[in-house]
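> could you work out the structure for the sequence below:
(4 chains)
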There are 2 protein chains.
Amino acid sequence: MSKAPTIVDVARVAGLSKSTVSNVIRGAENVGAETRLRVQAAIDQLGYRPNVLARQLVNQRSTIIGVVTGALSNPFHAEMTEQIARHAASLGYQTMCVSEDDGVRGLESLLDYRSAGIVFLSYSGKDESIRELVEKRVPTVFVTCTADWGDVVVADDRQGGFTATEHLISLGHKSVAHVTDPTTTDASDRAREAGYRMAMAAAGLEPTILHWTSSSHSIVKDGRRMAPEDIFKGPERVTATFSSNDFGAIKILDLADHLGISVPRELSVVGFDDIMTAGLARIDLTTIAQPQPELAARSIAILKDRIKGAVNTKRVCQLLDVKLVVRGSTASPERLGRVHLVG
Amino acid sequence: MSKAPTIVDVARVAGLSKSTVSNVIRGAENVGAETRLRVQAAIDQLGYRPNVLARQLVNQRSTIIGVVTGALSNPFHAEMTEQIARHAASLGYQTMCVSEDDGVRGLESLLDYRSAGIVFLSYSGKDESIRELVEKRVPTVFVTCTADWGDVVVADDRQGGFTATEHLISLGHKSVAHVTDPTTTDASDRAREAGYRMAMAAAGLEPTILHWTSSSHSIVKDGRRMAPEDIFKGPERVTATFSSNDFGAIKILDLADHLGISVPRELSVVGFDDIMTAGLARIDLTTIAQPQPELAARSIAILKDRIKGAVNTKRVCQLLDVKLVVRGSTASPERLGRVHLVG
DNA sequence: TTGAAAGCGCTAACAT
DNA sequence: ATGTTAGCGCTTTCAA
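Here you go, the predicted structure:
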C-alpha cells in the first residue's frame, strides 16, 4: 500500500482541477451537478479523506474544542466532561481535555492547536494570566463557573445555596456550616456560599465556613485549624453542613462515619451537583441537582454559534434552574437531651 | 497588535536564515553557541511560538495521544484517563479522548489528526474494523484490555479473579456468582472471569454467571432472565458475588440495599479496580486493587518508545500484580438455620 | 462553472 | 556552521 491519496489524486482521477475538488469537498455552491458526481466517484474510488493537518494550516484553525477542567476524580467533572465531549462530537468537533492543574501550559497547548473554542469547566479563575492569553483569541464559554469575559452557562448557584441552607434551617438546625475547598473554589462555589450566607442571615443565624486542608486530620473552621471531632462533637458542635459539591459532601459523610457520628441523627449533610454516587442507597445524599445535560448542551451550542461567526454578539449568560433533592442525609437536629436517651 | 510572528520574522530579527532558526528550535546539533543565543534573543523579543499546525503538516504527525475509553461515568475510566493525561502531558503530549461508544468515528478523528499514538483503555474490542483502521499506522497500547496486535499493559486479571473468588470460597461460600456487563466486556473482564472459573473448578463448585441487562429490574443468570430478588433470596440463592469491576460491585451493593438484603451478612460482594468510592466507609467494598498509576505510566512510556522509533521491536506485554483488599463487604455466609433466629 | 497560482509556516535535504 | 530551496496538502482569490 502506498501513501494516502491527496486532493490532487482525486482531481486527476476525476479529470478536474484540485480547486474544483476542493469546492466539492467543502460543499461550495458553484459546482455543476454532474461535476459533483464525478468528484464524489473519484473520492469513493480512492477512499480519499481530506488531510486535516493541511486544512488546519491554511485555515489557522482546528475543529478541536478544548476543555479545561479540574480533577476527573471528582465525578461531577467526569460526568460533565463526558457530556460535553458527546455534544461536541455530534457537531463534528473533537475535544481535548487539559487539567486546570496544568495551569498555563495546558492552555497554551489548546492555543497552539488553534482550538475552535474553549470550555472552562468549574474553573477557579485563580490564574489571571489565563485571561490575557485567551481573551479575544478564541471563543470561550464558562460552565459551572463565571468570568466577566466570555459566555457563561451556570445553574442558579446562589438560589441552590439558599435552598439547601433553607432546607436545613427549616429542619430546625441552628448551627449550619458551609463546607468548601479553597484550593478549587470557582465562581459557582462562591455563589453557593453567597446563597448560604443569605439564608443564614435571613434566619438570623451566624455563618460558619469550613475549609478542607491538605490533611484529613484537620479542617479550618472560620479561619482556625481544628480537629474534625472538635467541630462535629461537643457542645458548640455543627449539626448540619452544606457542601459546595457532592464530592465534598461525601467526604463529610465519610468523615462522620469514621468519627462514629450518625447521619442524619447527629449531623445533616447536603451536597450540590447530584452526581451518580449521591443517589446510591448507602450514600443517600440530599443535594441540589444541576441539569448536567442541559449545561453541556448549551455550552457547546453557544460555542458553535460563536465559531460560526457571531463574534460581535453580546455576551451570553444563561442561568439554569436547580432542584432540591431530599434524601436521607438530612433530618431535624437531635435534641441535646435525647443524646443520652438514645446513646 | 498584528499577526503572530513566524519563523521568518525571527530569522530577520536575528539576521539569519530560517533554517538556522529552525535548527535552533528543534535543538539540532549543528549550530554555533553564539548563533543559538542570537536566535533565542530574537525569539524572546518577538514572543515567538512555533506554529504547531505548520509543523504537523510537514511532519504528518501531531503530538496528540488519542485515548479511546468507555464511559467516564465509570470512575475507573475517569481515574485512569486522568493519570494517562498527566503522564502524557509530562512528556509533552496532549491527549484527545474519544468514547468507545463513538465507534469508528472517534477513531477516525484520532487518525485524521495523525495522533502520535493511541491508548485503548478497557477496550471491548467488539469492533473488528478498528484493527485494520489502526494497525501499522500508529503505535497502539492496550491498557486494562488485550489484543494480539499492539502492546499491552494489564494487571494480572486472571490471578485477580482467582484470588477474589478464592477469598469468597475460603469464607465458606458455595454459591458464588460472577457479575459482568456483556455490553462492555473487555479482554480483562474475560480474564477475570477465567480466574473465577478456575477457582470455582478447583473447589469443585459450579460457576454461575450474572449479566446486567438494560433494565434494573432483571438480571440474566446463566442465560435466563430473572428478577434480582429471585437470584439473591430463596433457597437456591447466590450468597456471594465477584463483579468484574467496582462499578458493577457497587451496583450490586445498591441492589442489595434496595432489596433489603444485608451485606455481608446475607450477601458478600467483591469488586475489582479499587476505585476511590470503594474505600468509603459506607461502601467499604472488598476488591482487587489495580496499580492505576503504574498502568498509566507504563502505557505512556511504551508509547513514547514506539513513537521515538522502536518500531521493529517485539510486542510488549506487561503484567502487573494486583492485590486483594479485604474490607467489610465480605464475610462467611449466614447459615440457613440462622436466618430465622436473626430475622 | 472551472482552472491556475499563490500562499499557510514549517522541516529537511542539499548546497555552500 | 549557515543558507537555499523544495515541498507538506489544502484553501482561496483571481482569471478564463
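> could you pull out the strands for the stretch 201-343 of chain A?
Taking DSSP state E, counting those that start in this stretch as the test, the strands found in the stretch 201-343 of chain A are A:208-212, A:219-221, A:224-226, A:240-243, A:268-273, A:286-289, A:317-320, A:323-325.
> and the fourth one with chain B, contact?
No: contact between strand A:240-243 and chain B is absent, the nearest approach being 14.8 Å (criterion: CB under 8 Å from any CB of the partner chain). All C-beta spots, glycine's among them, are computed from the backbone N, C-alpha and C.
> now do that strand, average pLDDT.
Strand A:240-243 shows a mean pLDDT of 98 in the predicted model.
> show me what counts as buried in that strand.
Under the neighbour-count criterion of 16 or more other CB atoms under 10 Å in any protein chain shown, strand A:240-243 has A:240-243 buried.
> list just the nearest of those to chain B.
residue A:243 (14.8 Å; CB to the nearest CB).
> wait, the closest one sits on residue A:270?
Yes: counting by CB atoms under 8 Å, residue A:243 touches residue A:270, with 7.0 Å between them.
> quick one, what contacts the residue most central in space within chain A?
Centrality entry for chain A: nearest residue to the mean C-alpha point is residue A:121, 3.6 Å, by CA atoms, centre = their mean. Counting by CB atoms under 8 Å, 6 or more residues apart in numbering or on different chains, residue A:121 touches A:67-70, A:77, A:80-81, A:84, A:143-145.
> same question for residue A:187.
Residue A:187 touches A:125, A:142, A:145-147, A:154, counting by CB under 8 Å, 6+ apart.
> can you put these in JSON lines and add distance to residue B:47 and pLDDT?
Formatted as JSON lines, the contacts of residue A:187 follow (distance: CB to CB, whole Å; pLDDT from 0 to 100):
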{"residue": "A:125", "distance to residue B:47": "24", "pLDDT": "81"}
{"residue": "A:142", "distance to residue B:47": "26", "pLDDT": "97"}
{"residue": "A:145", "distance to residue B:47": "28", "pLDDT": "95"}
{"residue": "A:146", "distance to residue B:47": "29", "pLDDT": "94"}
{"residue": "A:147", "distance to residue B:47": "24", "pLDDT": "92"}
{"residue": "A:154", "distance to residue B:47": "34", "pLDDT": "98"}
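> who wins for most neighbours among those?
Counting neighbours by other CB atoms under 10 Å in any protein chain shown, the top entry in the contacts of residue A:187 is residue A:142, with 27 neighbours.
> is it in a helix, a strand, or coil?
Counting by DSSP: H, G, I helix; E, B strand; the rest coil, the backbone at residue A:142 sits in strand.
> residue ranges with poor pLDDT in the stretch 1-150 of chain A?
Judged by pLDDT under 70, the stretch 1-150 of chain A has its weakly predicted residues at A:1-2.
> can you pull out the strands in it?
A:64-69, A:94-99, A:117-121, A:140-143.
> now render those as CSV, adding distance to DNA strand D.
Putting these into CSV (distance: least, CB to the nearest atom of the strand, whole Å) gives the following:
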stretch, distance to DNA strand D
strand A:64-69, 16
strand A:94-99, 16
strand A:117-121, 18
strand A:140-143, 23
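> count of neighbours near residue A:54?
By the criterion of other CB under 10 Å, residue A:54 has 16 neighbours.
> tell me the contacts of it?
residue B:57.
> same thing but 10 Å
Taking CB atoms under 10 Å, 6 or more residues apart in numbering or on different chains, we find residue A:54 in contact with A:6-7, B:53, B:56-58, B:60.
> can you tell if stretch A:6-18 touches chain B?
No: on the criterion CB under 10 Å from any CB of the partner chain, stretch A:6-18 is out of touch with chain B, staying 11.4 Å away.
> does that stretch come close to DNA strand C?
Yes: using CB under 7 Å from any atom of the strand, stretch A:6-18 reaches DNA strand C at A:15-18.
> contact partners of that stretch?
Residues contacting stretch A:6-18 (CB under 10 Å, 6+ apart): A:3, A:5, A:19-25, A:31, A:35, A:37-46, A:48, A:50-51, A:54-55.
> from those residues, which are also near DNA strand D?
Subset of the contacts of stretch A:6-18 in contact with DNA strand D: A:3, A:19, A:22-23, A:25, A:48, A:50-51, A:54-55, counting by CB under 7 Å from any atom of the strand.
> may I see the buried residues of stretch A:239-255?
Neighbour-count burial for stretch A:239-255, counted by 16+ other CB under 10 Å, picks out A:239-255.
> just these: which are in helices?
A:246-255 (DSSP state H).
> between the residues of stretch A:6-18 next to DNA strand C, which is nearest residue A:186?
residue A:18 (48.3 Å; CB to CB).
> ok, and the closest non-adjacent residue to that closest one?
Spatial nearest neighbour of residue A:18, excluding adjacent residues (CB to CB, 6 or more residues apart in numbering or on different chains): residue A:11 at 4.2 Å.
> roughly how far apart are the one you found and DNA strand D?
Using CB to the nearest atom of the strand, to the nearest Å, we find residue A:11 at a distance of 9 Å from DNA strand D.
> could you report the neighbour count for that residue?
18.
> got it, and residue A:175?
Neighbour tally, residue A:175, other CB under 10 Å: 16.
> my understanding was that it contacts residue A:234; is that so?
No: using CB atoms under 10 Å, residue A:175 is not in contact with residue A:234, being 11.1 Å away.
> now the ones in helices among the buried residues of stretch A:239-255 in CSV, with pLDDT and distance to DNA strand C?
As requested, those are exported to CSV (pLDDT from 0 to 100; distance: CB to the nearest atom of the strand, whole Å):
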residue, pLDDT, distance to DNA strand C
A:246, 98, 45
A:247, 97, 41
A:248, 97, 44
A:249, 98, 48
A:250, 98, 47
A:251, 97, 46
A:252, 98, 51
A:253, 98, 52
A:254, 98, 50
A:255, 97, 52
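> pick the one among these closest to chain B.
Nearest to chain B out of these is residue A:254 (CB to the nearest CB; 5.0 Å).
> so the closest one is in contact with residue B:278, correct?
No: the pair residue A:254 / residue B:278 is not scored as a contact, 11.9 Å apart, by CB under 10 Å.
> run a quick neighbour tally on residue A:179.
By other CB under 10 Å, 25 other residues sit near residue A:179.
> and the residue nearest to residue A:75 when sequence neighbours are not counted, how far from residue A:79?
Among residues not flanking residue A:75 along the chain, residue A:275 sits closest, at 4.4 Å (CB to CB, 6+ apart). Separation of residue A:275 from residue A:79 (CB to CB, to the nearest Å) stands at 6 Å.
> would TSV of the strands of the stretch 201-343 of chain A with distance to residue A:301 be doable?
Formatted as TSV, the strands of the stretch 201-343 of chain A follow (distance: least, CB to CB, whole Å):
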stretch	distance to residue A:301
strand A:208-212	35
strand A:219-221	40
strand A:224-226	45
strand A:240-243	30
strand A:268-273	22
strand A:286-289	21
strand A:317-320	10
strand A:323-325	22
